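>>> Whatever this is, show me its structure:
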Amino acid sequence: MEIYLPIAEMSVHWLIILGMGAAVGFLSGLFGVGGGFLLTPLLIFYGVPSAVAVATTASHITASSISGAITQWRKRALDLKMGLVMSGGGLVGTVFGVWLFGVMRRSGQMDLVVSASYVVLLGTVGGIMLNESLGALRAVQGGAPPPGRRSGQHLWLHGLPIKMRFRESRLYISVIPPIVIGFFVGALSAIMGIGGGFVIVPAMIYLLRMPTNVVMGTSLFQIIIVTAATTILQATSNFAVDIVLALFLIVGGVVGAQLGVRAGERLRGEQLRLLLALLVLAVAIRLLFGLVVEPGELFSVATVAP
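As a prediction, the model looks like this:
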C-alpha cells in the first residue's frame, strides 16, 4: 500500500519508509549516532526531494535518539553537564544552519551542495575512524592496550581558558572546544539533515578524550536538543518538514533504537568503531558514484522554490 506525502508531493510504499526508520534507529542505538548521515541519502536515493529529506530526517533523529538516550541514562552512561554545554553551541549553530539552508534552497543548488558535502565529510571521517579502529584491533589481538585514546591524555585544546570540571567524563577542560564542536554539529544538522553523531562521537573520543562508556549517551542527549530545534525551525522557516513521512520514520526509529542499544552491549568499543567506519565509507562511496556517473536522463524539469 502506498501513502501520499503532501510536502514531498509523491507517493511511497509505507513498509519501505517504516523499514528505513527502523534500520536507522537500530544504528542510532548501536553506535550512539543520530543516523541522519544514512537516512537522508536513503530518502534521496528513493526519490524524496533533497530539501524535504534533509528537513524531515531531523524529526526522526530526535525520536530515535530520545529512545536510545533514555536507555543510556538508565545505565548511567551519560555526561549530562557535557551534553548541556555542547547543546548550547549546537543551538546557535542550528539557527545559522537553517538560515543558510534557506539561502541554498532558493538558489536551486540544494541537491549538489548536500551530496558533495556528504562525500567530503563522510569520506574524511570514515577514513580516519577506519585507520584508528584497525590499529586498535591489531593492538588488542597482539596483547597490547589500544593506542592513543586513554582519558587523561591532553592535547593543546585542553590548555584553553574558561575551564570546567566534568565529573562523569573525569575531565577538567575548557568549555570552548565542546561549544565549537556543538556549533559545527548544529549547523550540519540543519544543512545536511544529520544528527551529527558520526562527527561528535569521534570528536569526543579523540579530541576531548572522553571515556568511551559515556560517549554514546552524551552524544544522543546533545543530538536530541539540536535536532528538535532543527525540526521546529525547518518547519516554521522553510516549510520543508513532511509530517506524514516523519510519522512513519519515527515509529520505525523508536523500535529500532531499542534493539540497537541491546546489540551494542555485546560488542567491544574497537569493534563498534570499525563497523561505524565501514558504514560511513560505504555511504560516501555511493554518493560519490551518483555525482560522477552520467545519469540516464541528462535533463529534467523541476520547480524551484521562490
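
>>> Gly93 and Leu100, how far apart?
Relative to Leu100, Gly93 is positioned 10 Å away (criterion: Cβ to Cβ, to the nearest Å). Yep, even glycine has a C-beta here, placed from its N, CA and C like the rest.

>>> Looking at those two, which has the bigger crowd around it?
Taking other Cβ atoms under 10 Å, Gly93 and Leu100 do not tie; Gly93 has more neighbours (27 against 14).

>>> ok, now how distant is that one from Arg165?
Using Cβ to Cβ, one gets 25 Å for the distance from Gly93 to Arg165.

>>> how about the helices in the stretch 151-300 of the chain?
Listed from the start of the chain, the stretch 151-300 of the chain has helices (DSSP state H, counting those that start in this stretch) covering 176-192, 197-202, 212-233, 243-264, 269-292.

>>> Show me what the last one is packed against.
Secondary structure elements in contact with helix 269-292, counted by 3 or more Cβ pairs under 8 Å, 6 or more residues apart in numbering; DSSP states H and E, are helix 14-31, helix 36-46, helix 110-141, helix 197-202.

>>> Pull up the overlap in contacts between Gly93 and Leu100.
Between them, Gly93 and Leu100 share the neighbouring residues 187, 190, with contact defined by Cβ atoms under 8 Å, 6 or more residues apart in numbering.

>>> one step back: any chance of the helices of the stretch 151-300 of the chain in a markdown table, plus mean pLDDT?
Compiled in a markdown table, the helices of the stretch 151-300 of the chain are given as follows (pLDDT from 0 to 100):
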| stretch | mean pLDDT |
| --- | --- |
| helix 176-192 | 83 |
| helix 197-202 | 73 |
| helix 212-233 | 81 |
| helix 243-264 | 81 |
| helix 269-292 | 73 |
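
>>> nearest to Leu80, of those?
Evaluated with Cβ to Cβ, the helices of the stretch 151-300 of the chain place helix 212-233 nearest to Leu80, the distance being 6.9 Å.

>>> report the angle between the axes of the helix or strand hosting Met86 and helix 110-141?
Taking DSSP states H and E as the definition, Met86 sits inside helix 80-107. For helix 80-107 and helix 110-141, the angle between their directions (axes from the mean of the first three to the mean of the last three Cα atoms, to 10 degrees) works out to 150 degrees.
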